Structure formats: structure tokens, C-alpha cells
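S.K.: Okay, here's the prediction I keep looking at, along with the sequence it came from:
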There are 2 protein chains.
Amino acid sequence: MINATRAVLDMLAGKWTVEIVYLLATGTRRYSEVLYEVGEISKKTLTQTLRSLEHHGLVDRREDPDLPTRVEYSLTPLGWSLTEPLMALYEWAAAHLLGARTPTQRLTA
Amino acid sequence: MINATRAVLDMLAGKWTVEIVYLLATGTRRYSEVLYEVGEISKKTLTQTLRSLEHHGLVDRREDPDLPTRVEYSLTPLGWSLTEPLMALYEWAAAHLLGARTPTQRLTA
DNA sequence: CTGTATCCAGTAGGATACTG
DNA sequence: CAGTATCCTACTGGATACAG
């Protein structure tokens, strides 16, 4: 059970992974669009993150053979299904971190 | 929304964090018990992880003044509440990683 | 028993330049 | 346009020894 949970967490582990999933949840994007719309991510890290997501089956990479190359990234059905438990995490955060405040936030508030 | 989600993920970020939460969900433990029951974790990392969980209000640290010192760790109500979205992640993994298989697993299967 | 201090290796991720 | 190659820094976590 820990292992299964960790497996999911590992899929989302990167610094920008969740943000990219959320972004693609709003629609297909080209490489450069993701690069632009995601805050200060480097191309190297973006490629790594997208490859990881693709490797785990959450994201689909579709390459257009025309020049200059066009590559489109989109969520797979599996990727979409993951947004559900992801929303559960968000709901928890909204209820407990914004509502009740954590000790951390109390200090800096 | 990304930020709130990331905040939760950051709470669970450590290599052993989730395992410790699951362990404490089965009952209060002493430091040495956690050390023993969690696979190959170092004392340094264990202390760091517990401190982080405590700092985020998920775990309660209770020190017994008697010598030799006895310290008991347990989940707070907030920590307990987190097991719910955590279960949602596990359920997703159970349904999609074990059931349908990811490309990754297909390759190595 | 419950840590802390120190040192060290591996990895994530940024900056920059280059390629098909 | 969509990356790759290279270099570099910071952080994570393990090993070991020491401390109250």
C-alpha cells in the first residue's frame, strides 16, 4: 500500500510535474507553449518532466513531421483520471491549510 | 490551485514520509520503534522527517521526562485527515497501476 | 534512548551554447 | 521549433561517530 502510494507520488515528484499536468488538463499544448506558460522552467527540465510523464503513460507526445517540427503534448485518459485524486489533495489543502492554518503559516502570517 | 496542491505534496516529499504517516496511522510509536519498523532509514533522516511532519502539524511529538528519554510520535487530527486524500491516491494506483498496467510495467513484465 | 555533528556521494535542476 | 550537450550548484539522504 505504501509502495503503490509512493509509486503515484514518484510520478508527480518533479518540481514542475503537477503544474504541467494541470496545464495540460486545460488543453493540448506545444512544447514552446508549455515552456512559456510554466514559470521559470528550463528546457532541459521541461523535456525531462514531459518524458517522465510520457513514460508513465500520463501524457501523450504527438510529433508533426512538418518543418519546423511541431510537437503537441496532451493528457492521456490515464492522465485525466489522475486529476481526480489530485483534486482530493487540493480539496484537503483548501480545507485544512487555507481554512484552519498550519503552524507554519501562522508563523509567517 | 497548483500552489495548494504542491504544498501538500511538499509535506509528503521525503523518501520515507508517507511510510511513516502510514505507520503512525496504525498507532503511536516511540522513536526507536519507528526507526526499527521503517526499512533502512538513517537516524538523521528519520529525525528530519519527523521534525518536518511535526512542523507541518501532521505529527505530534510527546517527550517523557523520565530517563532514559522516551519520545512518542503520533498522528494529529490533521495528520489523520490527510490519510483520506492519501487513500484516494492509493485507490487510483490500485485501479490503474495494478489493474491496467502502465507502459513502464508492461516493458518490464 | 533520542538524538546531533560531520563528511560524502548521488541527483535534481538551472544556465548556456549548440543541433536537425 | 524542439530539443541535446555540457557544466555547475544546491539539496537529499546515508554512514559513522559522538552526546545528554
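M.R.: Structure received.
S.K.: how about the residues of chain A near chain B?
M.R.: In this structure, chain A approaches chain B at residues A:1-2, A:4-9, A:12, A:18-19, A:22, A:55-57, A:78, A:81-82, A:84-86, A:88-94, A:96-98, A:100, A:102-104, judged by Cβ under 8 Å from any Cβ of the partner chain. Just so you know, the C-beta spots here come from the backbone N, C-alpha and C atoms, and that holds for glycine as well.
S.K.: Which among those count as buried?
M.R.: Neighbour counting over the residues of chain A next to chain B (16 or more other Cβ atoms under 10 Å in any protein chain shown) leaves A:2, A:4-9, A:12, A:18-19, A:22, A:56-57, A:78, A:81-82, A:85-86, A:88-93, A:96-97, A:102 as the buried ones.
S.K.: In strands, which of those residues appear?
M.R.: Here DSSP state E is the test, and those give no hits in strands at all.
S.K.: Could you check how far A:Val21 is from B:Glu19?
M.R.: A:Val21 sits 24 Å away from B:Glu19, taking Cβ to Cβ, to the nearest Å as the criterion.
S.K.: just for chain A, where's the confidence low?
M.R.: Counting by pLDDT under 70, chain A has low-confidence residues at A:99-109.
S.K.: top helix in it by residue count?
M.R.: Longest helix in chain A, counting residues (DSSP state H): helix A:77-93.
S.K.: From the contact counts, what lies against that one?
M.R.: Based on contacts counted as 3 or more Cβ pairs under 8 Å, 6 or more residues apart in numbering or on different chains; DSSP states H and E, the elements that helix A:77-93 packs against are helix A:2-11, helix A:17-25, helix B:2-11, helix B:77-93.
S.K.: go again using 7 Å as the cut-off
M.R.: Identification of packing neighbours for helix A:77-93 by 3 or more Cβ pairs under 7 Å, 6 or more residues apart in numbering or on different chains; DSSP states H and E yields helix A:17-25, helix B:2-11, helix B:77-93.
S.K.: Next, format these as a markdown table and append distance to A:Lys43.
M.R.: As requested, these are exported to a markdown table (distance: least, Cβ to Cβ, whole Å):
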| stretch | distance to A:Lys43 |
| --- | --- |
| helix A:17-25 | 13 |
| helix B:2-11 | 20 |
| helix B:77-93 | 30 |
